[in-house]
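Asks: Dropping the sequence and predicted coords here.
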Amino acid sequence: MAATTTIRLPPKLRARLSSLAKQTGRSAHSLIIEAVERHAAYEEQLRSLVTEALAADDEIEKTGEVYRAEDVHAWMKRLARGESVARPKPWRK
């Protein structure tokens with residue numbers, strides 16, 4: 001069974017939630033659960049992206065290899081057209 005958590009909603013937010021529940025035929029509880037789930041997924045994804053970006057930055061610091069944006073864009077356009085092309089060559093910063 002799920003644990004119970006109590007939250008205090010400001011009156012205006014509670015009124016908005018009640019109105020949405022009536023309009024959608026859902027319970028306020030289901031709207032709150034969905035909102036919390038979506039926001040938790042968003043925060044998890046954001047933290048994952050930050051972790052990946054920091055790891056990529058560390059890799060750049062170790063190797064010094066980076067790619068010119070115009071080379072990457074041209075490569076991706078050729079891939080999108082279905083062409084078989086080699087990856088762009090990195091350069092050292």
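Replies: Cool, got the structure.

Asks: Next SSE downstream of the host helix or strand of Trp75?
Replies: Assigned by DSSP states H and E, Trp75 belongs to helix 69-80. Using DSSP H and E, the helix or strand that follows helix 69-80 towards the C-terminus is strand 91-92.

Asks: What count of nearby residues applies to the nearest residue to Ser27 once chain neighbours are set aside?
Replies: Spatially, and ignoring its direct neighbours in sequence, Ser27 is nearest to Ala21 (5.9 Å; Cβ to Cβ, 6 or more residues apart in numbering). Using the backbone N, CA and C atoms, a C-beta is placed for each residue, glycine as well. Residues near Ala21, counting by other Cβ atoms under 10 Å, number 16.

Asks: Model confidence for Ala21, exactly?
Replies: At Ala21, the pLDDT value in this model is 98.

Asks: Correct me if wrong: it contacts Ile32.
Replies: No. Using Cβ atoms under 8 Å, Ala21 makes no contact with Ile32, being 9.6 Å away.

Asks: which residue ranges form the strands in this protein?
Replies: Along the chain, counting by DSSP state E, strands occupy 65-66, 91-92.

Asks: quick one: contacts for Leu31?
Replies: Contact partners of Leu31, counting by Cβ atoms under 8 Å, 6 or more residues apart in numbering, are Leu17, Leu20, Ala21, Thr24.

Asks: Look up how far Arg14 lies from the third one.
Replies: In other words, Ala21. Counting by Cβ to Cβ, to the nearest Å, the separation of Ala21 from Arg14 is 10 Å.

Asks: Which residue, other than its chain neighbours, is closest to Gly64?
Replies: Arg92 (4.4 Å).

Asks: any low-confidence regions in the protein?
Replies: Residues of the chain meeting the criterion pLDDT under 70: 93.

Asks: Buried residues, the longest helix seen in it. List them.
Replies: Secondary structure of the chain read by DSSP state H shows that its longest helix is helix 28-63. Neighbour-count burial for helix 28-63 flags Leu31 (criterion: 16 or more other Cβ atoms under 10 Å).
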